[in-house]
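**Q** Build me a model from this:
(chains A and B)
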Amino acid sequence: MSGERLAYRLVQIGFAAVLLLAWWLVSRNGYVSPILLPSLTSSVHEFVLLLESGSYWPDLRVTLYELVMAFMIASVTGCIVGYIVSRSRFSVRVFDPLFAGLYSIPAILLFPLYVLFFGLGPGSKIAIGATIAFFPIILNTIAGFDYVDRSYITAARSMGASGVQMFWSVMLPAAFPVVLAGLRMGFILAFLSILGSETIASLSGLGHKIVSFAESMDPAKMFAYIFLAIIIAFLLNATVTLIEARVRRGHG
Amino acid sequence: MRNGTSAITVEGVSQAFGPEGDPRRVIALESASLAVERGELLCLIGPSGCGKSTLLNLIGGLMTPTTGEVAIEGERVRGPLPKKVAYVFQESALFPWRTVIDNVKLGMAFQGVARSERDDRAMGALSAVGLADFAQHYPAQLSGGMKQRAQLARALGLQTDILLMDEPFAALDEQTRMVLGEDLSELLARTGKTIVFVTHSLVEAVFLADRVAVFTARPGRIKTMISVDEGHPRNRDFMTSDKLGRLRNELYELLHDEIRKTMGDTRP
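**A** Residues are numbered from 1 along each chain as shown, chains lettered A, B, ... in the order given. Just a heads-up that it's a prediction; the model follows:
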């Protein structure tokens, strides 16, 4: 089993290595203009300089601030509204397809409107991140509470559970894994849409830096920021996975 | 009519599902009357859909009868009575996010047992079903038989006089079912609880019951009561006895036509 896992990891590392090698070869021999694809070595060099100087911090801080705000707004509203909707069969029938339908509309189309409403700063990024993250969170919250196994509810009722006990000891833990999956999905979507919208219209942020270096024909610096964004995404994902695993373990 | 010593009395109880006049309205149970004495184990047996689980839920106060009256110890049932009645359900109704002992303790918390008492009582209940060593396990880590024993422990922890069991061993293999049946008979002899037990199994009904209520096909009515005159605890000697075989055959004779009816078979 663990030998098999090792094999997966080796192939994954090999895949990344082949990509980097291809980049290195292509950029070194001048097959592609350095303006389109800078050499791997100069990109890495810029990345190291960036880390040493710490000049990424103001932009990273803006992006993380936008992410935290967007995620908080989406999770609080999504969980509360989702729970309220799940309370009655009628409202589930009405709102579940409605939100599912809205979810399928590319919400990024609202971004120009949000820029008009909330300006070029973090406000419009928070709004777009929250809008996009809201849907998986509310849909999973509705699904989680709606599909709680009837036998748990009946058992708790027969033992005399009060309304409060029913919520905290039965409904919430039973719905929790599904709600958590929605929160995770919402978090990832918020991050993606915030980075994306920063590249469209913004004053600062990681996405803003990436697009401004591209426009000033400084692709090595652009790649340095892309590396940074990848690492941040990786770290955030690992953190979420860790929190999820820990909560699930405490949960049983 | 009401007998002061009866643990449970059911008088002219009917239960219909769906609004009146609706063609899909189903009469699950029709004018059922019976009394369960203290310390007695009554089995309800009948074809699928005959209303035996419905009757159990009416006794437990999980449903209100369309007509008629159910009383526990002479008091009319209007809702769940967690201090008097505990349930063991068919499929595992244990909470999978809690350990076995926490499941038992949660039941007590619902019932209103003081926090300080819960630990001792929970361990006592788990010991009574032989699961003390598995207190810290999660339900998913237990076999089907162990899960049902854990559910029984949760019900015992509530220390009610009445236990309602809704096909508790239905999902288990026959060997496990027999062993759990012996354990239950032993428990009954030891604690003197009043038990109403719904089952599909003829052998299980005769092996466990003091009396067996045989139901007709839908709309369910109580067709006959059969007495099994045999003291508890019962063991494998009774399981293999001629008496059990004879009663089992008698039950089969009674149920045979009813089961055909539920399959839409109209052969004479």
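
**Q** Break the chain down into its domains, please.
**A** In the absence of a named chain, this looks at chain A. Here the domain parsing of chain A from automatic domain parsing is A:1-32, A:36-251.

**Q** that's the wrong chain, I wanted chain B
**A** Taken from automatic domain parsing, chain B resolves into B:1-84+B:161-268, B:91-159.

**Q** how long is the last one from one end to the other?
**A** This points to domain B:91-159. Separation of the first and last residues of domain B:91-159 by C-alpha to C-alpha, to the nearest Å is 22 Å.

**Q** What residue in chain B comes nearest to chain A?
**A** Closest to chain A within chain B is residue B:82: 3.1 Å, counting by C-beta to the nearest C-beta. No exception for glycine: its C-beta is placed from N, CA and C like everyone else's.

**Q** ok but that residue is inside a helix, no?
**A** No: applying DSSP: H, G, I helix; E, B strand; the rest coil, one finds residue B:82 to be coil, outside a helix.

**Q** and whichever strand or helix holds residue B:213, which strands flank it?
**A** Using DSSP states H and E, residue B:213 sits within strand B:211-215. If you go by DSSP bridges, strand B:211-215 pairs up with strand B:41-45 (parallel), strand B:222-227 (antiparallel).

**Q** What is the burial count for residue 55?
**A** All of this refers to chain A. For residue A:55, the number of neighbouring residues by other C-beta atoms under 10 Å in any protein chain shown comes to 11.

**Q** The intended chain is chain B.
**A** 29.

**Q** Would you mind giving both backbone torsions of it?
**A** phi -60, psi -40 (degrees, to the nearest 10).

**Q** How about the contacts made by it?
**A** Contacts here follow C-beta atoms under 8 Å, 6 or more residues apart in numbering or on different chains; on that basis residue B:55 touches B:10, B:13, B:15, B:29, B:32, B:44, B:220.

**Q** got a list of what the closest residue to the fifth one other than its chain neighbours touches?
**A** Pointing back at residue B:32 there. The spatially closest residue to residue B:32, leaving aside those adjacent along the chain, is residue B:13, at 4.9 Å (C-beta to C-beta, 6 or more residues apart in numbering or on different chains). Neighbour list for residue B:13: B:29, B:31-33, B:55, B:58, B:65, B:67-70 [criterion: C-beta under 8 Å, 6+ apart].

**Q** which one of the residues you listed sits closest to residue A:218?
**A** residue B:58 (78.3 Å; C-beta to C-beta).

**Q** Could I get the pLDDT score of that closest one?
**A** Residue B:58 carries a pLDDT value of 93.

**Q** Next, count neighbours for it.
**A** With other C-beta under 10 Å as criterion, residue B:58 counts 25.

**Q** For it, list the residues it contacts.
**A** B:10, B:13, B:15, B:29, B:64-65, B:70, B:77.

**Q** Among the residues you listed, which are located in helices?
**A** Judged by DSSP state H, these include no members of helices.

**Q** what's around residue A:167, how many residues?
**A** Neighbours of residue A:167 using other C-beta under 10 Å come to 14.

**Q** Checking it next. Helix, strand or coil?
**A** helix.

**Q** roughly how far is the helix or strand harbouring residue A:183 from the heart of the chain?
**A** Assigned by DSSP H and E, residue A:183 belongs to helix A:172-200. Centroid separation for helix A:172-200 versus its chain: 5 Å, with C-alpha atoms, centre = their mean, to the nearest Å.

**Q** Quick check: mean pLDDT of that helix?
**A** 93.

**Q** The very next helix or strand once past that helix: which residues count as buried?
**A** Counting by DSSP H and E, the next helix or strand C-terminal to helix A:172-200 is helix A:206-215. The neighbour-count check on helix A:206-215 (16 or more other C-beta atoms under 10 Å in any protein chain shown) flags A:206-214 as buried.
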